[in-house]
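# with the sequence up front, the predicted model follows.
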Amino acid sequence: FENSWTELNDKIPIIHYLHRFDRMSRIGEYGVLLYGFGDGKKLDQPFIPPKSGKTILNFLQPFEQWNAQIESYDTDETSPRLGQPLYYNLTLFNPDQTSEGNSIGPVNQIDRVHWTRVQHGADNRDGSNIFGVPEMRPYFRRLLDLRKLYAGSSEMFWKGALPGYSFESYPDMDDEADLDTEAIQEQLL
């Protein structure tokens, strides 16, 4: 086991991907870890371990909830996976394609990844086996309050720092009639 683990870990930094998967599964209601098995089948096909017992793992890729949408659920009442996801739609970054209007860069949609090729993870699951409570939900309103406070302080300064204009003449000017008030008003507009 230790030799196999060392060999696999030299090829793929497993702990790194598991750590990312753990964080991503707590950002939203769930996260997904895609296993890239070298079985020669497409991702929408079920993964069946080879009879030889040796499975080749080519890559791991974690996804947040927003990039791993659940496409369909198991509705078979006799299935032990009743209500669990059957297929996911994963969104991958692909540097070879361009996507206009997308702020995260070029993306590639992979349709229908079978559940046997992913690991579904959700933290703080109480009422659901699929969806958990996001880690930041209890603090989210306070973060919005801070955002309002920080944004509001600059707005308050902008509105309150310069409440009006005051025009004064030189003390040695004797007659206010010498002021060209129309020219001053024109400059202000």
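Structure received.

# and the helix or strand hosting residue 183, what's buried?
Using DSSP states H and E, residue 183 maps to helix 181-188. Buried residues in helix 181-188, counting neighbours by 16 or more other C-beta atoms under 10 Å, are absent. For glycine as for every other residue, the C-beta is placed from the backbone atoms N, C-alpha and C.

# how about the nearest residue to residue 71, chain neighbours excluded?
residue 87 (4.3 Å; C-beta to C-beta, 6 or more residues apart in numbering).

# check residue 47 too.
Per C-beta to C-beta, 6+ apart, closest to residue 47 is residue 116, 4.2 Å.

# tell me the SS of that neighbour?
helix (DSSP: H, G, I helix; E, B strand; the rest coil).

# so what's residue 90 up against?
Going by C-beta atoms under 8 Å, 6 or more residues apart in numbering, residue 90 touches 32, 34, 43, 63, 67-68, 109-110, 113.

# just to revisit the earlier point, the residue nearest to residue 71 and residue 120: what is the separation?
Going from residue 87 to residue 120 by C-beta to C-beta, to the nearest Å gives 12 Å.

# for the lengthiest helix in the chain, buried residues please.
Ranked by residue count and defined by DSSP state H, the top helix of the chain is helix 137-160. When burial is assessed from 16+ other C-beta under 10 Å, helix 137-160 yields no buried residues.

# stretch 122-142 too?
122-123, 131-134.

# now the end-to-end length of it.
Stretch 122-142 has an end-to-end distance of 23 Å (C-alpha to C-alpha, to the nearest Å).
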